[in-house]
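Trainee: Next comes the sequence, and after it the predicted model I'd like to discuss.
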Amino acid sequence: MVFFRQDNQLSDIAHQILEATWQKFPFLTRDRIALTWIVYDSPVIVNTGGALSPEEFWQYEVRGFSYRGVERIYPASIVKLFYLVAIHEWLEKEMVGDSPELQRAIKDAVAYSSNDATSLIVDVLTGTTSGPELPESPFETWKQQRNIVNRYFKSLGWEELETINVNQKPWNEGAYGRERAFLGELMENRNMLTTDGVARLLHSIIGGVAVSSDRSRQMMQLLKRELNPEAVEGEENQITGFLGSGLPANAQIWSKAGWTSQVRHDSAYIEIPERQPYLLVLFTEGNYNPPNKELLPFISNAIAEAMASL
């Protein structure tokens, strides 16, 4: 069962925002955007420090809106959210050993979106490594191992994760050797996510029920972003040109962005004083070279303003 109910009020607001977006950004066709928006009414069940047990948490119904939320889209670095949860699950169950180097990789993968750091995490999760192409039999074993993260998320039994694929490393230049062979000739085995699926995973993290309350708290710390322009460094800092850019200065945001020359995505939990907290996952596809840094902030600002009237 889907974890949120479609709400008529949010639907009306979101459709108005989408229409305004398509008018302002005509290059963005209607089949190149996906959005999932969750609003937390009182009593707010997220960011509570793990006050609710998983059984209690999942009994609370939340309202939301989804536009093309079940469409499979290449997620870029949004996939790192899934590897973040998986590595905490492995550590919690003592399936892998902890180390300062692994902790450094986890931080750099999420806080700074490092692909190199994520490569180590995937190796630790799956017991595989990149390298030259393999003979058929060893390659089949290697592929089986690389799908262990997929099997973990399927085991949760969440409808929103039935169609996802999270078995590939993110790259700066591209995959080579066995990694390129694993992607498939037409890249048919690349990572694929939906905004509904990302929303449910982020919902579980901010709800304190992803792996454990303590593990969720650690994940939240890595996802916290600073909105102060003086504290945000670098051109691609997961705030500038993303959802955080459309928020008032007194907002708080926990987020993970993803981008390439063909996609620009963000996923965030947002708190603004005197407004209900909310979760927003936004995927956009198109030619982003050079990147369009106005689109995501425009939608984010429109939703933040709409929250004032709810």
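Mentor: Great, that's in hand. Residues are numbered from 1 along each chain as shown.
Trainee: so who does the residue lying closest to Gln9 once chain neighbours are set aside touch?
Mentor: Excluding its sequence neighbours, the residue lying closest to Gln9 (C-beta to C-beta, 6 or more residues apart in numbering) is Leu310, at 7.3 Å. Using the backbone N, CA and C atoms, a C-beta is placed for each residue, glycine as well. Contact analysis of Leu310 by C-beta atoms under 8 Å, 6 or more residues apart in numbering lists 9, 39, 275-276.
Trainee: And for Gly246?
Mentor: When contacts are taken as C-beta under 8 Å, 6+ apart, Gly246 is in contact with 296-304.
Trainee: among those residues, which are in helices?
Mentor: Counting by DSSP state H, the contacts of Gly246 place 296-304 in helices.
Trainee: Can you tell me which of these are classed as buried?
Mentor: Buried members of the ones in helices among the contacts of Gly246, counted by 16 or more other C-beta atoms under 10 Å: 296-304.
Trainee: Kindly reformat those residues as CSV and extend each row with pLDDT.
Mentor: As requested, these are exported to CSV (pLDDT from 0 to 100):
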residue, pLDDT
Leu296, 97
Pro297, 97
Phe298, 98
Ile299, 98
Ser300, 98
Asn301, 98
Ala302, 98
Ile303, 98
Ala304, 98
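Trainee: Let me know the closest of those residues to Leu18.
Mentor: Nearest to Leu18, judged by C-beta to C-beta, of these is Ile299 at 8.2 Å.
Trainee: so how far is Thr240 from that closest one?
Mentor: 15 Å (C-beta to C-beta, to the nearest Å).
Trainee: Tell me which residues of stretch 25-38 come out buried.
Mentor: For stretch 25-38, a neighbour-count test (16+ other C-beta under 10 Å) marks 25, 28, 33-38 as buried.
Trainee: So for that stretch, mean pLDDT?
Mentor: For stretch 25-38, mean pLDDT rounds to 96.
Trainee: Tell me where the stretch 51-200 of the chain has helices.
Mentor: Counting by DSSP state H, counting those that start in this stretch, the segments of the stretch 51-200 of the chain that form helices are 54-57, 79-92, 100-111, 115-126, 136-146, 148-155, 178-183, 195-206.
Trainee: average pLDDT across the helix or strand where Ser267 lies?
Mentor: With secondary structure defined by DSSP states H and E, Ser267 is part of strand 263-271. The average pLDDT within strand 263-271 is 97.
Trainee: Direction included, what does it pair against?
Mentor: As defined by DSSP bridges, the strand partners of strand 263-271 come to strand 252-259 (antiparallel), strand 278-285 (antiparallel).
Trainee: Nearest to Ser267, out of those?
Mentor: With C-beta to C-beta as the measure, strand 278-285 is the member of the strands paired with strand 263-271 nearest Ser267 (4.4 Å).
Trainee: Next, the angle from that closest one to helix 195-206.
Mentor: 140 degrees (axes from the mean of the first three to the mean of the last three C-alpha atoms, to 10 degrees).
Trainee: Roughly how far does Val79 sit from Ser137?
Mentor: In this structure, Val79 and Ser137 are 28 Å apart, going by C-beta to C-beta.
Trainee: Those two - which one has more neighbours?
Mentor: Between Val79 and Ser137, Val79 has the larger neighbour count (other C-beta atoms under 10 Å), namely 27 against 8.
Trainee: Now the more buried one. Nearest residue, chain neighbours left out?
Mentor: Spatially, and ignoring its direct neighbours in sequence, Val79 is nearest to Asn191 (4.8 Å; C-beta to C-beta, 6+ apart).
Trainee: Identify the residues contacting that neighbour.
Mentor: So, once contact is read as C-beta under 8 Å, 6+ apart, Asn191 ends up touching 74-75, 79, 165-168, 170.
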